[in-house]
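[1] pasting the structure only:
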């Protein structure tokens, strides 16, 4: 691996480690309503929101009330978004002349941005008006990210409170997440992006004369404000079709580095938040370590695969820079692969290189990251609650079976109900990804989507439903997704991947909150050391491999074997 790419990886992760305790401490104080540096300015605004909305910030909810609030918010937002996208051609602020989206596409888009997926079956610069971009899509980037944060905090409260019947107030958690965390950081970051050359204007597309004398139309608009929350909120939906490979979204190596850090900042900081709630910071660091280990190993594998070039190219082709097909020159093959690992280890889904052009093993890593549930570190909130359920809860259950006693986590017994909810989370992920992939692989409507034959075409289908169920939003872009079949099945997959996981997780949080804490004994399995971290890593890898290995074998694995034999399919 070139030294420059290695240093980029090391510097990137060093910055993430450094900011984790500071940001984590701040998030914990915000979510518990403690005074922060921004309280003198924002506390009156917060009170005003509660007064207008009729919210009693002191009244907490049980898990059922919390879940109903989450679903109510989603239902209203999806309906409003659908109507707005269907009417955007007659609504104001449409200088780019965006047409109304079809019913299937409007359904897919509205669901996509409400579930933090941001899958786009339309071209960003022509498929949405400025009004839709600003008041619908950008706003959803805030609310969907804050919903994930709220659910994670609710689960953490459930795990750490003692005999409580409540896990917080969704509306209060949502408000604080947006007002104190996402909005202030976004404002500062947007200014930095504008300084670096990201447009922020209400002007319509510009028409310019090229050096050859031809006329070219250049799309622009209020890009910077959407770009920052796209990365910080682990959303990923681009203002432009080329997403973060576009120079107006990601113009310089500095913006590339800062946007990578933004994707990881809050998900990793939430592990520190977990440690503060548990009153034992080692609980948070062991989760951090498990997430970081899986991510770094995957990132290095993907980077090495892309830097090695394509063995099927003729010997005369210079591949000193690696596999540059589908890569942006100013970032290169190695950093493009690093970005791919980051964006699929979170639920961001932004791209600065075309994943469809990756080498088979290089493309397997982003695909497998999503199939793990994007928990290394995952999206805002979603990564933490996924890791705690898929990783930690299953790990202590297995450890309990090994020693022949009831498993415990943070002093609370993990019993039948909790394991049923945990397994629902695991099964929903696999059933949606594999079920929809199977349907698409044997129906005429599904087979009309991929542009490639053989295992790579299968990978395009598998990636699409992995991305949508995992609420990621990136794609093997060889798939034609703007069809009634893919818009509808994709929308259903996004709903299952979001709320099919959130509801059992909130049920588990409510059940654990009501339990009393038992004192540790000689048989209690410690959950703060390296052994527990290794067990977590083993559990998530084995669960992912057992669930998805057959499908991966039909896609990127067999494609790599064929490539090694000098063939495509």
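    Sure thing, it's come through. No experiment lies behind these values; they were computed from the predicted model shown. Numbering: from 1, shown residues only.
[2] As a check, name the ranges of all strands in the protein.
    Assigned by DSSP state E, the strands in the chain fall at 206-209, 215-218, 408-409, 412-413.
[3] Any chance of CSV for those, columns mean pLDDT, mean neighbour count and distance to residue 340?
    Bear in mind the C-beta positions are built from the backbone N, C-alpha and C, glycine included. Shown next, in CSV, are these (pLDDT from 0 to 100; neighbours: other CB atoms under 10 Å; distance: least, CB to CB, whole Å):
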stretch, mean pLDDT, mean neighbour count, distance to residue 340
strand 206-209, 86, 10, 31
strand 215-218, 86, 10, 27
strand 408-409, 90, 22, 33
strand 412-413, 91, 20, 38
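[4] I'd like to know which of these is closest to residue 53.
    strand 412-413 (33.7 Å; CB to CB).
[5] circling back to that earlier point, dump the strands of the chain to CSV, plus distance to residue 491.
    Below are the strands of the chain laid out as CSV (distance: least, CB to CB, whole Å):
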stretch, distance to residue 491
strand 206-209, 34
strand 215-218, 31
strand 408-409, 35
strand 412-413, 37
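[6] how many other residues sit next to residue 289?
    17 (other CB atoms under 10 Å).
[7] Looking at the strands of the chain, spot the one closest to residue 237.
    Closest among these, using CB to CB: strand 215-218, at 20.4 Å.
[8] So which elements touch the closest one?
    Secondary-structure packing of strand 215-218 (3 or more CB pairs under 8 Å, 6 or more residues apart in numbering; DSSP states H and E): strand 206-209.
[9] Which residues outside the strand it packs on are in contact with it?
    215-218, 220 (CB atoms under 8 Å, 6 or more residues apart in numbering).
[10] ok, of these, which one's closest to residue 10?
    Checking those one by one against residue 10 (CB to CB), the nearest turns out to be residue 220, at 35.5 Å.
[11] Quick check, residue 67 in contact with residue 504.
    No. In this structure, residue 67 is not within contact of residue 504 by CB atoms under 8 Å, at 9.6 Å.
[12] Overlap in contacts, those two.
    With CB under 8 Å, 6+ apart, residue 67 and residue 504 have no common neighbours.
[13] so what's residue 352 up against?
    Per CB under 8 Å, 6+ apart, neighbours of residue 352: 243-245, 250, 256, 328, 331, 335-336, 339.
[14] actually residue 148, sorry about that
    If you count contacts by CB under 8 Å, 6+ apart, then residue 148 has 116, 234, 347, 379-382, 385 around it.
[15] Determine the set of other helices and strands touching the helix or strand bottoming out on mean pLDDT in the chain.
    Here the helix or strand of the chain ranked lowest by mean pLDDT, DSSP states H and E is helix 124-127, holding a mean of 81. Applying 3+ CB pairs under 8 Å, 6+ apart, one finds that helix 124-127 contacts no other helix or strand.
[16] buried set for it?
    For helix 124-127, a neighbour-count test (16 or more other CB atoms under 10 Å) marks 124-125, 127 as buried.
[17] Let me have those in a markdown table, extended by distance to residue 204.
    Formatted as a markdown table, the buried residues of helix 124-127 follow (distance: CB to CB, whole Å):
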| residue | distance to residue 204 |
| --- | --- |
| 124 | 15 |
| 125 | 11 |
| 127 | 15 |
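[18] nearest to residue 438, of the strands of the chain?
    Once these are compared by CB to CB, strand 408-409 is nearest, at 34.7 Å.
[19] What pairs with that closest one, parallel or antiparallel?
    strand 412-413 (antiparallel) (DSSP bridges).
[20] Please compute how far the strand it pairs with lies from its chain's middle.
    Between the mean C-alpha location of strand 412-413 and the chain-wide mean there is a distance of 30 Å, by CA atoms, centre = their mean, to the nearest Å.
[21] before we move on, back to that, nearest to residue 60, out of the strands of the chain?
    Evaluated over the strands of the chain, closeness to residue 60 peaks at strand 412-413, with 19.0 Å, by CB to CB.
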